[in-house]
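In: Let me see the structure of the following:
(chains A and B)
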2 protein chains.
Amino acid sequence: MKPPFRWGVLGTANIARTFVEAVRRTPDATVRAVASRTLPKAEQWASELGIPTAYGSYDRLLLSGDIDAVYIPLPNSLHREWCLRSIGQGVPALCEKPFTLTARQAASVVKASLKKGVPVAEAFMYRFHPVYERIRVLIANGGIGRLTTIFAQFTFALDDEISISANADLGGGALMDVGCYCVNAARLITGAEPLRASAFARCDKVDRTMTGMLEFPGGVLAHFETAIENFERRRLEIAGTDGAIVLEQPWFPGEAEGCFIHRRPEGDKIITAPGANGYIAEIEVND
Amino acid sequence: MKPPFRWGVLGTANIARTFVEAVRRTPDATVRAVASRTLPKAEQWASELGIPTAYGSYDRLLLSGDIDAVYIPLPNSLHREWCLRSIGQGVPALCEKPFTLTARQAASVVKASLKKGVPVAEAFMYRFHPVYERIRVLIANGGIGRLTTIFAQFTFALDDEISISANADLGGGALMDVGCYCVNAARLITGAEPLRASAFARCDKVDRTMTGMLEFPGGVLAHFETAIENFERRRLEIAGTDGAIVLEQPWFPGEAEGCFIHRRPEGDKIITAPGANGYIAEIEVND
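Out: The predicted model follows:
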C-alpha cells in the first residue's frame, strides 16, 4: 500500500480548518504538520484537529523534510513570500487564492517554480467540481453556439470590520477576497487571458463594491460584480449566440449533486453533474 | 364628454403598430393620422389599421392642425430632426427610444422644448408599469438597505441582418437598440445621472455585443450587458447592503400581473404588482 500524501499547513486561518477537514475525507492523504508564528498556538490547533506535529515557525515546517506539499492559507499579502520560500525548500505549494497581489508577483513565483521544478498551484477549488467538466463538454459540443459573454457575481456582507478581508495592508478588498473567483471563472471558461480590463469601485481603505469588465481574444466579453458590503449574491452566466448556461451556485456547486440551467430557444433544461466537495476534489487532483 | 386625445404617427415601423394597438385600448385617446414618405403607403397602412387620415409627408401631418401630439417611431438617426420639427410646429412629441444618438443632440432637443414650451418625451414605456412604483416604494422604505449596485441585461439575436437595428447609418447597434433600456433603468432607479461610464464592445459596423459600467453619485455602480447577436436574456437586479430585487421580465413586466423577487437574509419573496400594458400606461400618462 502506498503511504499517504503528507500535507503541511502554514498558519491557522479559518480556511485552513476547511482544508484539514477535506484532507481527512480524502483517501491516501493526511495532514502531517501545522505551523503557526507561536508554538503554543500551533500545538493547540494540532491537538484540536488531530495533527501529529506542530511547529512554532513556518520555516521549521518547510525544513522538516517530513511533508510532501504545503498548503498556504496565510493573508494575501504573504502569499508571494511563502510560495517562494516553499519553492526554495523544494516543497510543492498549494496557495490560497488570490495567488499574489499583482501580476508581477505572480510572474516571479511562476518563474521560480519553473526554474526549480517545484510545482505551485492556486487553490481555486471550485474548478475541480464535476459540473465544470460537464459545462466544458457542453460548450465544446456547440450547446450555446459561439461563446459571447460571461457574467460572474460574488458578493456578500462582511460582518467583521476588523477582518483580514477588509484590511488593505494584508491584501484585502472585494476583488482580492471574492472577486478573484469571477475573474478566474472567465479565464477558465475562455481558456484564455484577458486583453483589456476596466473596473469601477466604491472604496474606503479597500474596494468594498466593484464592477469590472474583461475583453478576451475573439471579442468574448466578461463582466463581474463583487462586494464585501452587499447582500450575498452568487451567479455565473455563460452566454452564446444560441443558448446560455446559468449557475446559481457557481463557487460551491454542491456535494450531493451539481447543477446548472441550460437555456436554449426551445426551452430551459436543468443539467445535473455528480456532486463533490471542491476541496477534496482539489486535493485529489493535486496529489 | 371630453373629446379624445388625437395622436399622429410619423412613419409605419413595426413598433408603430404596437403603439396604434395600445392607443385603441386607451380610453379617451385615438390615432387621427399617419404619415409616410409616400402617400400610397400611408393610405394602405391607415386603411389596414382604421386610421382616418393619411399623409404623404411627415411635415404635412405636423402642419395639419388636426392632432394633439405626435408619436415618432422613425429610425434612431431621425429622432433629433423630427423632435425639433414637431416642437417647431408646436406639436408635443413622444419619441421612440433612444431619444437621440448623442448627449449633445439630446440637449439641443431639450433646449428647444423648453424655449417653445412644447413637451417632448422618450418612449420608455416599461417605466410606467406599476411594478416600478412598487419597487420605488420598497427601496425608499429600506427594503434592500443602502443601494449599492444595479445590473441590467437585454440581449437578443437579430434574425434580419438588413434590419435598421444593425444599420450604422440609421443609428443601429446593440446599445442604441436595446442597451438603452439598461442605461435608462439605472437612471430610473438611482434618480440620478452617471458621473462616469466605460464599455467594451464586439463590433462590426455597429456594436453587436456590449458590456458597460456606470458610476452614480454616492458610489452606486451599475453595469449592463446588451447584444443583438446573442441568445435572448433579460434581467434587472437591484442590490443593496441588506437585500436585492430581481426582475426576470424588466422590460415587459406583464399585462396580467407584474412581479419581482425580493431577496432578504430571511429568504426570497415574490412581490406582485397590478399588470399593465406599458404602452397603454405610457399613453395614459402622456395624455
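
In: Show me what residue of the stretch 1-150 of chain A gets nearest to chain B.
Out: A:Thr148 (5.0 Å; C-beta to the nearest C-beta). Where C-beta positions appear, they are placed from N, C-alpha and C, glycine not excepted.

In: give me the element that residue is part of.
Out: strand A:147-157 (DSSP states H and E).

In: Could you export that strand as PDB, CA atoms only?
Out: Coordinates of each C-alpha in strand A:147-157 appear next as PDB, following Å, rounded to 0.1, in the frame of the first residue of the first chain:
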ATOM      1  CA  LEU A 147     -19.400  32.000 -26.800                       C
ATOM      2  CA  THR A 148     -20.100  35.700 -26.500                       C
ATOM      3  CA  THR A 149     -20.300  36.800 -22.800                       C
ATOM      4  CA  ILE A 150     -19.600  35.600 -19.300                       C
ATOM      5  CA  PHE A 151     -21.100  37.200 -16.200                       C
ATOM      6  CA  ALA A 152     -19.900  36.300 -12.800                       C
ATOM      7  CA  GLN A 153     -21.100  37.500  -9.400                       C
ATOM      8  CA  PHE A 154     -19.800  37.000  -5.900                       C
ATOM      9  CA  THR A 155     -21.000  39.500  -3.300                       C
ATOM     10  CA  PHE A 156     -21.500  39.200   0.500                       C
ATOM     11  CA  ALA A 157     -21.700  41.500   3.500                       C
END
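
In: what packs against it?
Out: Identification of packing neighbours for strand A:147-157 by 3 or more C-beta pairs under 8 Å, 6 or more residues apart in numbering or on different chains; DSSP states H and E yields helix A:180-190, strand A:220-227, strand A:229-240, strand B:147-157, strand B:207-216, strand B:220-227, strand B:229-240.

In: quick one: A:Leu214 and B:Cys83, what's the gap?
Out: For A:Leu214, the distance to B:Cys83 equals 38 Å [C-beta to C-beta, to the nearest Å].

In: Correction: the previous question concerned A:Val34.
Out: 71 Å.

In: ditto for A:Trp45
Out: Counting by C-beta to C-beta - A:Trp45 and B:Cys83 are separated by 71 Å.

In: same thing with A:Ala199?
Out: 36 Å.

In: out of those two, which sits in the busier spot?
Out: B:Cys83 (29 against 20; other C-beta atoms under 10 Å in any protein chain shown).

In: Leaving out the residues flanking it, which one is nearest to A:Ala152?
Out: Excluding the flanking residues, the one nearest A:Ala152 by C-beta to C-beta, 6 or more residues apart in numbering or on different chains is A:Cys182, at 3.5 Å.

In: ok, now which ones touch the one you found?
Out: A:152-154, A:212, A:224-226 (C-beta atoms under 8 Å, 6 or more residues apart in numbering or on different chains).

In: Close to chain B: what parts of the stretch 101-250 of chain A are there?
Out: With C-beta under 8 Å from any C-beta of the partner chain as the criterion, the stretch 101-250 of chain A meets chain B at residues A:144-145, A:148-149, A:151, A:153, A:155, A:157, A:196, A:198-202, A:209-215, A:219-223, A:225, A:227, A:229-231, A:233, A:237, A:239-244.

In: Show me how to select, in ChimeraX, the buried members of those residues.
Out: Here is the ChimeraX command that selects the buried residues among these (16 or more other C-beta atoms under 10 Å in any protein chain shown):
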select /A:144,145,148,149,151,153,155,157,198,199,200,201,202,209,210,211,212,213,214,215,219,220,221,222,223,225,227,229,230,231,233,237,239,240,241,242,243,244
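
In: Sounds good, over and out.
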